[in-house]
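Undergrad: what's the 3D shape of this:
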Amino acid sequence: MQQRQQFENEAGSRDSLTWVFDGIHMGHAISRFKGLTSFDATGTNTDVIRLHIGLRGNYSFRYRQLDADFHLIGGHHNIMYSPTFDMTVENRTLELETFGIQFPRETFLKFTQNASDLLKAFGDQVASGKPVLLSEQWGAVDPQIEQVVYQIVNNHYIGDLQQLFLLSKSIELLVLCAESCSFAMNRKQEFVRSPGDKEKIIAVRDLINKRLSEPPSLSQIARTVGINEYKLKRGFKEIFNTTVFGYLTEQRLLLAYQYLMDTRKTAAEISFELGYSTPQHFNNVFKKRFGLTPDSIRKNP
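TA: Below is the predicted model of the structure:
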């Protein structure tokens, strides 16, 4: 079941899209606030595991069952569990974009019984009924996670086919987020040591995403966000586990793939729109990434 909702109150507005399938709840929301405020989020008899992804915007929340406070900057994710939950959330920016999946406990334990050591350890805590967070270090939203969320939000499937698609994507996100959290736990933070540093690196990512067809140079990016090039390059790699150029390349190709699936634009039009020097260059780079030519994707969706 898919449902779209919009509502507005004195604090702002919220546009949401939700899906329910096989007992799993999945949702995407964009919240727009008129000012900085706080609100409570509570629930009882909701014995579910929550995969939470913050896509855009900054906020803080107090999670009372975990006795923990989190101050989060756009582009993060984690997996959490408590039989009930009681939170107070404070927005730090006027717009927040979030995505989440709620897995029933037994479903989650079934999916993760032969998973990574990190997920199995988390599952043991879940099975005992103890409130737990997958990782003290929140993972970064990398291009692969962004792409899966984009595929879910923009899917055009209906009925049983949509349920199969959403189930497969929920498991894919579970795996990607667990791997990303594991990386975050083991990485040494040598260059991004403060919230201000991270905000600048997130701003770099957002700037790249806005200018995929005409990407700025490293020096232009550095001047725009107020960081030197050395720290920009090292900090970006530290947060996203890829270079600035690698991120740009991946985002362009993922967007090209989506255009081929969801529009009638030709490969040449997509090549031009995304700033490739020639259609042949685009064709070669695309084939190297996906193992298929753009025309093959169009003919075999």
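Undergrad: Going by C-alpha atoms from here, please, whenever you check contacts or count neighbours.
TA: Fine.
Undergrad: how about Ser13, what does it touch?
TA: Each residue near Ser13 by C-alpha atoms under 8 Å, 6 or more residues apart in numbering is listed here: 6-7, 31-33.
Undergrad: ok, now Leu94?
TA: 32-36, 57.
Undergrad: again, only using 7 Å
TA: Going by C-alpha atoms under 7 Å, 6 or more residues apart in numbering, Leu94 touches 32-36.
Undergrad: I figured Gln163 hits Phe21, correct?
TA: Yes: if you go by C-alpha atoms under 7 Å, Gln163 and Phe21 touch, sitting 6.1 Å apart.
Undergrad: Please identify the buried residues of the top helix by length along the chain?
TA: The helix that spans the most residues within the chain, counting by DSSP state H, is helix 159-186. Buried positions in helix 159-186, judged by neighbour count with 16 or more other C-alpha atoms under 10 Å: 162-163, 166, 169-170, 173-184.
Undergrad: helices or strands next to it in the packing?
TA: strand 139-140, helix 143-153 (3 or more C-alpha pairs under 7 Å, 6 or more residues apart in numbering; DSSP states H and E).
Undergrad: Serialize these to a markdown table and add fields for mean pLDDT.
TA: Converted to a markdown table, the helices and strands packed on helix 159-186 look like this (pLDDT from 0 to 100):
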| stretch | mean pLDDT |
| --- | --- |
| strand 139-140 | 90 |
| helix 143-153 | 90 |
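Undergrad: Out of those, which is the most enclosed?
TA: strand 139-140 (a mean of 26; mean count of other C-alpha atoms under 10 Å).
Undergrad: Where does Ser13 sit, in terms of helix or strand?
TA: strand 12-21 (DSSP states H and E).
Undergrad: what angle do that strand and helix 143-153 make?
TA: Here strand 12-21 points in a direction 80 degrees away from that of helix 143-153 (axes from the mean of the first three to the mean of the last three C-alpha atoms, to 10 degrees).
Undergrad: was I right about Phe85 contacting Arg62?
TA: No: using C-alpha under 7 Å, Phe85 is not in contact with Arg62; the gap is 10.5 Å.
Undergrad: Show me the protein divided up by domain.
TA: 2-186, 195-299 (automatic domain parsing).
Undergrad: quick one on the thing from earlier: and the contacts of Leu94, which of them are in strands?
TA: Counted as lying in strands by DSSP state E, out of the contacts of Leu94, are 32-33.
Undergrad: Tabulate the contacts of Leu94 (CSV), appending neighbour count.
TA: Shown next, in CSV, are the contacts of Leu94 (neighbours: other C-alpha atoms under 10 Å):
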residue, neighbour count
Arg32, 18
Phe33, 19
Lys34, 13
Gly35, 13
Leu36, 12
